[in-house]
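J.: got a predicted structure here, sequence first:
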Amino acid sequence: MSTPAITFNTTQTTRKKITTLSLRQKKERNEPISMLTAYDYPSALAVDQAGVDVVLVGDSLAMVVLGYETTLPVTMDEMLHHSRAVARGAKFALRVGDLPFMSYQVSVEDAVRNAGRYLQQGGMEAVKLEGGRERVPAIRAIVGAGIPVMGHLGLTPQSVNQLGGFRPQAKNALAARQLLEDALALEEAGCFAIVLESIPARLAELISKRLHIPVIGIGAGPGCDGQVLVTYDMLGLFDRFTPKFVKKYTNLHGEMQRAILAYIDDVKTRHFPAPEHTVSMPEDEWNEFLHDLEA
Ligand code: KIV
């Protein structure tokens, strides 16, 4: 049986730039929204050319790119460095910058300033932040400055120490009620979308139906308006651990290992470089060079 052909959205002429408004329209048309993370120029180019709707420069960068145990150590300056590279690669997707730990929790002024840096210095078009009703003043202020905000509820990795680990959330009636109220508060505060991470599928579906703004799920079941994954997880590039909710579409870590082993073997056996990888010199020039040496 032949493999079905996959068409890439590389004919850019027919593609329309994705905006917060077009995401809202997708929800109204019941058209699923796709979102992925990117951390540099090649990953941004790959997700954008494939036609993803939203590209997130996630603070998951701390773990999957920088090798930290949690997302907490990554700084605003580091996020901006990566977001500039992503902005050079992603032209059609809506570009969202993740506000890192301590860039928006201390004061509303910090939150607005750092959100603004993403747009002024990082090439982003919107920001994402974690937390529920306690974030409402910051969200209102950022939105008031003309910056679209995406919320993030459920398993909020920046609160890993408070949550007692990377574990599913809102599994009892009280927590589910609080999560719904948080989601409504975020919508009311002006968020253009929210991410729901690692919560029961039936709760995520109910919230998606109650909210007018798009709800993007990660480990939150099929009833959301869209889905997001950490790109390096779904590509099998981040090998340390894989959350249960990740579908691995390929094993790039294995592919890289295979290629690197083949290279080492080629070097050892002198199969690389071959003539086609080698700079040549015209025979007469070479002979003249040797002749001059002997003179
Ligand atoms: O940092 C990140 O990659 C995220 C996604 C998991 C939504 O917040």
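T.: Now that the structure is in, tell me what you want to look at. Predicted model only: the values in this text are computed from it and were never measured.

J.: in a helix, residue 171, correct?
T.: No. The assignment for residue 171, made by DSSP: H, G, I helix; E, B strand; the rest coil, is coil rather than a helix.

J.: neighbours of it, how many?
T.: Neighbours of residue 171 under the rule other CB atoms under 10 Å: 12. All C-beta atoms are positioned from the backbone trio N, CA, C, and that covers glycine.

J.: before we move on, what about residue 265?
T.: Neighbours of residue 265 (other CB under 10 Å): 11.

J.: what residues does the helix or strand hosting residue 209 touch?
T.: Using DSSP states H and E, residue 209 sits in helix 201-210. With contacts defined as CB atoms under 8 Å, 6 or more residues apart in numbering, helix 201-210 is touched by 170, 176, 179-180, 183-184, 196, 215, 217, 220-225.

J.: nearest to residue 130 among those residues?
T.: Using CB to CB, residue 196 comes nearest to residue 130 of the contacts of helix 201-210, at 11.6 Å.

J.: just checking, the closest one touches residue 213?
T.: No. Between residue 196 and residue 213 there is no contact under CB atoms under 8 Å: 11.9 Å.

J.: looking at those two, which one has more neighbours?
T.: residue 196 (29 against 20).

J.: enumerate the beta-bridge partners assigned to that one.
T.: residue 153, residue 217 (DSSP bridges).

J.: check the offset of stretch 197-210 from the chain's centre.
T.: Computed by CA atoms, centre = their mean, to the nearest Å, the chain-centroid distance of stretch 197-210 equals 21 Å.

J.: kindly apply the preceding question to stretch 211-229 instead.
T.: 15 Å.

J.: could you measure from the closest residue to the ligand within the chain over to residue 203?
T.: When distances are taken as CB to the nearest ligand atom, the chain reaches nearest to the ligand at residue 58, 2.3 Å away. Separation of residue 58 from residue 203 (CB to CB, to the nearest Å) stands at 23 Å.

J.: neighbour count for the two, which is higher?
T.: residue 58 (31 against 23).
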